[in-house]
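Asks: Next come a sequence and a model predicted from it.
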Amino acid sequence: MRWALVKVCLAVTTMVVVAFAVPLGLVIREMAADRAWSNAERQAAAIGPTLSITTDRDQLTRAVASTQAGADGRMAVHIPAVGQDPALEVGRRRAAQADLDRTRQIASPSIADAPDGKALLQPTALGSGEIAIVEVFVPERELSNGVTTAWLVLAGVGVALIIGSVAVADRLGVRLIQPAERLAGAAHDLGEGKLTARVPEDGPTELRQAAAAFNAMADQVVRLLANERELAADLSHRLRTPLTVLRLNAASLGEGPAADQTRAAVQQLESEVDTIIRTAREAKPSTVTAGPGAGCDAAEVIRERMAFWSALAEDEGREVRVAGVERPVRVPVAKGDLTAALDALLGNVFRHTPEGAGFAVDVHSAGDAVIVLVSDAGPGIPDPEAALARGSGRGDTGSTGLGLDIVRRLAESTGGDVRIGRSVLGGTEVRLWLQLAPNAPSSGRRGHRGRVRGRRRSASTTGAPR
């Protein structure tokens, strides 16, 4: 493409140079000839006054010699015979006699061919009424004087223009081709799976726009892949809840080959789900805030999930308490997402606390936010920040580290967050903050959090149900 552009520019510039240089060269040649003929006419006119008063040879010879053309031997005067006076010629004649006679008949200037040039024939009236002819010879070199030099200059200027245009076209070609080549290379890399391929947004406006569109497309592809992997991980993690039920039921089967096979199958299934989750969570998650009008009743969701988990808790001798679900509590998240988050938190309680350890779920509405507290009487979490980091789970503990990350992403999709601390039951307390007004000032959020914590401490002190 670069060389094609150079060739096009070369062809166009050559045509422009030829279109201007050829006519200009012809004009220069015509100007040189006009200059020579004007000079010859001026030389011939200088003899006119002498011919009007005398036809004496000596005086005419001196008059002819006084001119530049006469001094160079390029002027002649032809006087016809008058009465008894014979015809007279002063100077060297180069024009044919027929040309002289024709000029005398038409009584107007004419140009006649002559050896190595042209001859200007200028008729002049004598006192006797006869027509004398003043002949001025113009050599061929004077007719083209300076034309060759001018043509060489024009040719040099044309060549310089062509070379300059080729150089400029080459630079423009590089400026155009390099961004296009980078764009093509990045598209090829992206097609081969190199998701980090991006294009510098430089070059002409159109290529900058194309590069910006490509980068936006690549970012969108990365986000879509991350969302797909995240969805696969989340869906796989949701299998952990029924797997937990199966594992607990399998533990109560007692001894025997069938029981051992069931426990082994459940363990293998959990291992496979963990592998799927670890494989799918390699991409950075991307959350999307629910649009206006979207959401669910958190109280209803908590009641449904607690009814499910209470049966397992009863089998393991766990004390369960629920508070704050007597009236509707709207939150700006989808019901399925909130269900998955609650199942992740409650599933962690059953997986990482001993049998008999109680737990509680509290719901608080704080004006511009809803806080869900999940507390347990287990051993607690030594490093809360590490637990919240995605990918913190270890295979030797049976944890993928994705459960709390699901909860965190749900909170952050509303502008809220997740905190882990020590509960009044002696174990872990996970606080899920769901922001109702994402644009609310941060100072207001801190104030609400303080009031919520104060209310919770008061309720705990007075023994109110949590």
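Replies: Cool, got the structure.
Asks: Give the helix, strand or coil label for Leu434.
Replies: At Leu434 the chain is in strand, as set by DSSP: H, G, I helix; E, B strand; the rest coil.
Asks: and it, how many neighbours does it have?
Replies: Leu434: 24 surrounding residues under other Cβ atoms under 10 Å. In short, each C-beta sits where N, CA and C put it, glycine included.
Asks: For it, list the residues it contacts.
Replies: Leu434 is in contact with 298, 331-333, 369-372, 410-411, 414, 416, counting by Cβ atoms under 8 Å, 6 or more residues apart in numbering.
Asks: In strands, which of the residues you listed fall?
Replies: Counted as lying in strands by DSSP state E, out of these, are 331, 369-372.
Asks: Return the member of these nearest to Glu206.
Replies: The shortest approach to Glu206 among the ones in strands among the contacts of Leu434 belongs to Val331, at 46.9 Å (Cβ to Cβ).
Asks: Check what pLDDT the closest one gets.
Replies: You'll see Val331 listed with a pLDDT of 91.
Asks: Quick check, it in contact with Ile371.
Replies: No - contact criterion Cβ atoms under 8 Å: Val331 and Ile371 do not qualify, at 10.4 Å.
Asks: so can I have a markdown table of the ones in strands among the contacts of Leu434 showing neighbour count?
Replies: Below are the ones in strands among the contacts of Leu434 laid out as a markdown table (neighbours: other Cβ atoms under 10 Å):
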| residue | neighbour count |
| --- | --- |
| Val331 | 28 |
| Ala369 | 22 |
| Val370 | 25 |
| Ile371 | 22 |
| Val372 | 26 |
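Asks: Columns distance to Val153 on top of those residues, output as a markdown table?
Replies: Output for those, formatted as a markdown table (distance: Cβ to Cβ, whole Å):
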| residue | distance to Val153 |
| --- | --- |
| Val331 | 86 |
| Ala369 | 85 |
| Val370 | 88 |
| Ile371 | 90 |
| Val372 | 90 |
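Asks: Which one of these is nearest to Leu345?
Replies: Using Cβ to Cβ, Val372 comes nearest to Leu345 of these, at 8.4 Å.
Asks: which residue packs closest to the closest one, ignoring adjacent ones?
Replies: Spatial nearest neighbour of Val372, chain neighbours left out: Leu432 (4.2 Å); criterion: Cβ to Cβ, 6 or more residues apart in numbering.
Asks: tally of neighbours for the one you found?
Replies: Leu432, neighbours per other Cβ under 10 Å, totals 24.
Asks: Can you check the pLDDT for it?
Replies: In this model, Leu432 is scored at 93, pLDDT.
Asks: so who does it touch?
Replies: Contacts for Leu432 (Cβ under 8 Å, 6+ apart) come out as 341, 345, 371-374, 407, 410-411, 416, 418.
Asks: Name the member of the residues you listed with the most neighbours.
Replies: Ala341 (28 neighbours).
Asks: element containing that residue, please.
Replies: helix 335-352 (DSSP states H and E).
Asks: quick check: mean pLDDT across whichever helix or strand comes after that helix?
Replies: For helix 335-352, the succeeding helix or strand toward the C-terminus, using DSSP H and E, is strand 359-365. When pLDDT is averaged over strand 359-365, the result is 93.
Asks: Show me where the stretch 251-400 of the chain has its helices.
Replies: According to DSSP state H, counting those that start in this stretch, the stretch 251-400 of the chain carries its helices in the segments 257-280, 298-315, 335-352, 384-388.
Asks: Now do the third one: distance to the chain's middle.
Replies: The chain centroid and the centroid of helix 335-352 are separated by 45 Å, computed with Cα atoms, centre = their mean, to the nearest Å.
Asks: Could you do the second one as well?
Replies: Using Cα atoms, centre = their mean, the distance from the centre of helix 298-315 to the centre of the chain it belongs to is 54 Å.
Asks: List the buried residues in that helix.
Replies: Neighbour counts using 16 or more other Cβ atoms under 10 Å place 298-299, 301-302, 305-306, 309, 312-313 of helix 298-315 among the buried residues.
Asks: And the shortest one, by the same measure?
Replies: Within helix 384-388, the residues that qualify as buried are 384, 387-388, counting by 16+ other Cβ under 10 Å.
Asks: contacting residues around it?
Replies: So helix 384-388 is contacted by 381, 392, 401, 404-405, 408, 418-421 (Cβ under 8 Å, 6+ apart).
Asks: Export those residues to TSV and append columns for pLDDT and distance to Val27.
Replies: Formatted as TSV, those follow (pLDDT from 0 to 100; distance: Cβ to Cβ, whole Å):
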residue	pLDDT	distance to Val27
Ile381	84	96
Ser392	49	88
Gly401	58	88
Leu404	81	89
Asp405	79	84
Arg408	87	84
Val418	92	88
Arg419	91	91
Ile420	91	93
Gly421	91	96
